[in-house]
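Student: Show me how the following folds:
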Amino acid sequence: MSEPGVGAHEANGDHTNRAEGASSPTIETRSPTPGIVVVGFVLSVLGLTVLAPLAVPGLIVSIVARRTVKRLRAAGGGLALAGIVCGAVGLVALPFWIYLVSLYVHVFSQMTPVK
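Tutor: Residues are numbered from 1 along each chain as shown. Alright, predicted model coming up:
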């Protein structure tokens, strides 16, 4: 039987303070997101949306960033993967963008100025 006012762990001979001896869940700490991850993602998104030629360096930088994140066990793996996906889609769409720009140049070069 345990003594009145004494917890079961103390009655069994365990006299450690619960706050000191309590096991806390293990929290895995990750280093912050490397800047190369953000750069790769931004280049890839710009290459996908506005400046199509930036898709190529965006894809390359995002691949390097993904490897860096894995090697360092840092945060940002998802952002690097998103940069790879956006860069790949932008690379596939690059011929379409080139066609549109050439069509735009051709059409507006054929126009005569209004007098």
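Student: Give me the pLDDT for Leu72.
Tutor: Looking at Leu72, its pLDDT is 87.
Student: was I right about it contacting Pro34?
Tutor: Yes: the pair Leu72 / Pro34 is scored as a contact, 7.1 Å apart, by Cβ atoms under 8 Å. Placement of C-beta: from N, CA and C, glycine included.
Student: Which one's more surrounded, the two?
Tutor: Pro34 (18 against 12; other Cβ atoms under 10 Å).
Student: thinking the more buried one is in contact with Val69, fair?
Tutor: Yes: here Pro34 reaches Val69: they are 6.7 Å apart, a contact under Cβ under 8 Å.
Student: anything in contact with each of these two?
Tutor: Gly76 (Cβ atoms under 8 Å, 6 or more residues apart in numbering).
Student: In this structure, which residue is most central in space?
Tutor: Leu79 (1.3 Å; Cα atoms, centre = their mean).
Student: Tell me which helix or strand that one sits in.
Tutor: helix 77-109 (DSSP states H and E).
Student: buried sites along that helix?
Tutor: 77, 79-84, 86-88, 90-91, 93-94, 97 (16 or more other Cβ atoms under 10 Å).
Student: for that helix, packing partners?
Tutor: Helix 77-109 sits against helix 35-49, helix 55-72, with contacts defined as 3 or more Cβ pairs under 8 Å, 6 or more residues apart in numbering; DSSP states H and E.
Student: Reformat the ones you listed as JSON lines; add distance to Pro25.
Tutor: Formatted as JSON lines, these follow (distance: least, Cβ to Cβ, whole Å):
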{"stretch": "helix 35-49", "distance to Pro25": "27"}
{"stretch": "helix 55-72", "distance to Pro25": "23"}
